[in-house]
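>>> Provided below are the primary sequence and the corresponding predicted coordinates.
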Amino acid sequence: RMNWLLTATRASGSAWTYCAIKWNWKNSGQTIHPGKSGDLREPGQTRLRPPLWHSRYVHLKVLKKNIAKIIDLHIKDKNIETFIDFGCGDMPYESLIKPHVKNYIGVDIEGNEKASYFIDPASNKIKAMADNSADLVWSIQVLEHVNDPQRYLQECLRILKPGKKLILSTHGHWLYHPDPVDNWRWTSTGLIKEIEKAGFKVNSTWGMMGLLPMSVQLFQDACLIHLPLVKYWKAPFCFVMQRIIGLFEAFTNLSRTTREYVNKDASIFFVIAEK
């Protein structure tokens, strides 16, 4: 009989995964071939400072820009005492956030040395963390990897103090990237409905990387997966493709109309929600 196990892994940021598995979590992940993956698993420092030839260069730079915006608006000078990185992995954005909060707390499964709290596989809840104990819950690139989004969001709701915020991002359109699983994609309206269903009030949403740069990103990734001898041409190819993606990203931001459309159809959606 398969038991529920909360598996936390790093995919595109934080990734905390509910998955029905009967194997040890360290052996349950699917390994992505590095030559064919487009560098799907980036360590924290690479995420903050990707090299110019990295296959996610623009994506990671724009993601970091959005996170800096969130920090300025919702974290800096907000007197946040308890900050929960829910599915912390290697905490890639800890250095940006920690100076602005009193207690930066990572939550993951047993085995992650960076985590301070761990998940109870029996209850699917955070061990020894009381209700209404967090001033802010941080969930970046997690929700697409959970087996049951509602259970995950309801645990976020449980640990948040009344009136406090959940800051969440997840994918709209993106390459399939199991780590160890990859279950969900959302439309902008569907994501809002999912979060509201869990009991949150959604205050604001926006998108990142619209159809034009995203379509070129997916074309690049398809070439990396399907064409032969990738190790010989990957770096220069990605360097050129990322410059094109960067140009299209800049073009998308030139007009208000195209910027507004990105909020409807994007590779990543950000949500600020409140308990």
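In hand now; what should we look at?

>>> Need the single longest strand in this protein, by residues.
Secondary structure of the chain read by DSSP state E shows that its longest strand is strand 160-171.

>>> can you list contacts of that one?
Here strand 160-171 makes contact (Cβ atoms under 8 Å, 6 or more residues apart in numbering) with 12-13, 63, 66, 70, 74, 132-144, 153, 156-157, 184-186, 191, 195, 200, 203, 208, 267-275. Backbone N, C-alpha and C define where each C-beta goes, glycine included.

>>> are any of the residues you listed buried, and which?
12-13, 63, 66, 70, 74, 133-144, 153, 156-157, 184, 186, 191, 195, 200, 208, 267-273, 275 (16 or more other Cβ atoms under 10 Å).

>>> Which of those fall within helices?
Judged by DSSP state H, the subset of the buried ones among the contacts of strand 160-171 located in helices is L63, N66, I70, L153, C156, L157, L191, I195.

>>> where's the third one relative to E110, distance?
Between I70 and E110 the distance, using Cβ to Cβ, to the nearest Å, works out to 29 Å.

>>> how about the helices in this structure?
34-37, 44-48, 57-70, 94-97, 149-159, 188-197, 211-226, 230-252, 256-262.

>>> would a markdown table of those helices with distance to L168 and mean pLDDT be doable?
Shown next, in a markdown table, are the helices of the chain (distance: least, Cβ to Cβ, whole Å; pLDDT from 0 to 100):
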| stretch | distance to L168 | mean pLDDT |
| --- | --- | --- |
| helix 34-37 | 25 | 38 |
| helix 44-48 | 17 | 79 |
| helix 57-70 | 10 | 97 |
| helix 94-97 | 15 | 96 |
| helix 149-159 | 8 | 95 |
| helix 188-197 | 7 | 98 |
| helix 211-226 | 19 | 97 |
| helix 230-252 | 22 | 97 |
| helix 256-262 | 18 | 93 |
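
>>> Surely G87 and I109 touch.
No. G87 lies out of contact with I109 (Cβ atoms under 8 Å); the separation is 9.2 Å.

>>> Who has more neighbours out of these two?
Just comparing G87 and I109: by other Cβ atoms under 10 Å the higher neighbour count belongs to G87, 32 against 20.

>>> Against A273, how distant is L63?
From L63 to A273 the distance is 19 Å (Cβ to Cβ).

>>> actually S255, not the one I typed
For S255 relative to A273 (Cβ to Cβ), the value is 29 Å.

>>> G199 now?
10 Å.

>>> returning to what we had before: and the ones in helices among the buried ones among the contacts of strand 160-171, which is closest to S116?
C156 (16.8 Å; Cβ to Cβ).

>>> Look at the residue lying closest to the closest one once chain neighbours are set aside and report its pLDDT.
Once flanking residues are discounted, C156 sits nearest to V137: 4.8 Å by Cβ to Cβ, 6 or more residues apart in numbering. Looking at V137, its pLDDT reads 98.

>>> I'd guessed V137 sits against I84; true?
Yes. Checked against Cβ under 8 Å, the pair V137 and I84 is within contact range at 4.9 Å.
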